[in-house]
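**Q** mind folding the following:
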Amino acid sequence: MRSIWNGAISFGLVSIPIKLMNATENHSVSFRQIHVEDGGRVRYRKVCELEEREVTSAEIGKGYEDADGTIIPITDEDLAALPIPTAKTIEIVAFVPADAVDPMQMDTAYYLSANGVPAAKPYTLLREALKRSRKVAVARYALRGRERLGMLRVVDDVIAMHGLLWPDEIRSPEDAAPDARATVRDAELDLADALMDTLGEVDVSTLHDDYRAAVEQLITAKAEGTLPTEPAADGDSGGGKVIDLMAALEKSVRAAAGGGSGSGNGGGAPAKVTPLKRGAHKRAAAKTTPKEVGGKKSTAKKTTQAKKSTTKKPAAKKTAKKRTTA
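**A** Predicted coordinates:
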C-alpha cells in the first residue's frame, strides 16, 4: 500500500515515526459523461474567468472567497507556517473506552505503519498497551490543510486510525424523530425480540454488493452486443401500505424460522375480519326479515290487482255494447 502521509505518533515523550495509508478502497463502478447523440466524451475544462482561457493544474492555487466576493489567495507556504503542533504529528490526548466514542463521528479509516526499524519497538509498545487496556486513543492530527480528530485502535497486529468528525459537525437528530407518538404493546415487543433471535447473527465478510455485480453484468452484456438477463421480479414488499403489525411480525418470525410464510391459508395474506359495531347485527337482521315478508305481500297485492282488472274488463265490454245498441 502507498503511504499518503509521513509523520510521527506523539505518545507522551515517546515519538513513533509512522506512515499513513488508506485502509479502505472504493469499488463502485464509475461512469463517464458522454454526448448522447454520438457517444463523445464530455469533459470539464478549467478556465480563468479574467483571461477567459484554459489553465493547467500548475497554474491553479487556493483562495478564500470573502462575503463581498473578494478572493483572498492562500498558499501552501501560508498553511505550513501556521502554528499547529499536529502538522506532522498524531498527538495522543487521551485513552478512553471504545464505547465512549460516538459511531456517528467515525469517518475515513487509515492504517499506521512503523516507518523504519527504530520505530518497531515503540510501535509495538503502543499496540500492546492498547490491547491490554482495551481502550482506544483519541488524537489530533493535521491532514489536507486542516486539523482533525482521530481514534487509534488495534486491528490484528496493526494500529488503525479512524478519522473523527468534530462534535459540532454532528447534526441533532431531533427533526428526524416521528411526529406522531406511537405506543408499542408488550406482545409486539416480544414478537420483535423473537424475530431478532430467529434471524441470529451474520458474518459480515460474506456480504457483497449485488448492485455492483448487476452493473458489471450489464456492462459486459452491452459490450458483447447481447441483452442482459432480466432479474426475477421480487414479491410485494408492502412498502407504503398500512399493515397489521402483529400479523407482519408473526409472519416474519415463521418465515425466518423456516416454516414458510403461510400457515394453512395457502401462504397468502392473513384473513381480515371486520367486527360489527354493537347492535349492528340486530339492525341488519331487522332489515333483512321484512324484505322477504314484504316481497310476498307485494306479490299478493299485484296478483289481486291483476284479478280485479281482469274481472272488470268484461263489464267494460257489456257497457260498450249497450251504448252501441242505444
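**Q** pretty sure Phe95 is in a strand, no?
**A** Yes - assessed by DSSP: H, G, I helix; E, B strand; the rest coil, Phe95 belongs to a strand.
**Q** residue contacts, it?
**A** Leu130, Ser133, Lys135, Val136, Ala137, Val138 (C-beta atoms under 8 Å, 6 or more residues apart in numbering). C-betas here are computed from N, CA, C, even on glycine.
**Q** what's the following helix or strand after the helix or strand harbouring the fifth one?
**A** Of the helices and strands defined by DSSP states H and E, Ala137 is found in strand 135-143. Scanning the chain past strand 135-143 towards its C-terminal end, the next helix or strand to appear is strand 146-155 (assignment: DSSP H and E).
**Q** mind listing what's buried in the helix or strand following that next one?
**A** Of the helices and strands lying after strand 146-155 in sequence (DSSP H and E), the nearest is strand 158-164. Across strand 158-164, burial judged by 16 or more other C-beta atoms under 10 Å covers Ile159, Ala160, Met161, His162, Gly163, Leu164.
**Q** for strand 158-164, packing partners?
**A** strand 106-114, helix 120-133, strand 135-143, strand 146-155 (3 or more C-beta pairs under 8 Å, 6 or more residues apart in numbering; DSSP states H and E).
**Q** quick one: closest of those to Gly12.
**A** Among those, the nearest to Gly12 by C-beta to C-beta is helix 120-133 (10.1 Å).
**Q** list the contacts for Arg120?
**A** For the record, residue 120 is Ala, not Arg. Ala120 neighbours (C-beta under 8 Å, 6+ apart): Ala114.
**Q** recalculate using a threshold of 10 Å.
**A** Going by C-beta atoms under 10 Å, 6 or more residues apart in numbering, Ala120 touches Ile16, Ala114.
**Q** again, but for the one 3 residues further on
**A** By C-beta under 10 Å, 6+ apart, Tyr123 lies in contact with 9, 11, 14, 16-18, 112-116, 158-159.
**Q** for this structure, name the helix or strand with the lowest mean pLDDT.
**A** helix 280-325 (a mean of 44; mean pLDDT, DSSP states H and E).
**Q** is it possible to mark the buried ones in the contacts of Phe95?
**A** The buried subset of the contacts of Phe95 - by 16+ other C-beta under 10 Å - is Leu130, Lys135, Val136, Ala137, Val138.
**Q** what is the nearest of these to Asp66?
**A** Nearest to Asp66 among the buried ones among the contacts of Phe95: Val138, at 34.5 Å, using C-beta to C-beta.
**Q** look up how far Ser252 lies from the closest residue to that closest one other than its chain neighbours.
**A** Of all residues not flanking Val138 in the chain, Ala94 sits nearest, at 4.8 Å (C-beta to C-beta, 6 or more residues apart in numbering). Separation of Ala94 from Ser252 (C-beta to C-beta, to the nearest Å): 44 Å.
**Q** who's more crowded, these two?
**A** In this view Ala94 and Ser252 are compared by other C-beta atoms under 10 Å, and Ser252 has more residues nearby, 17 against 10.
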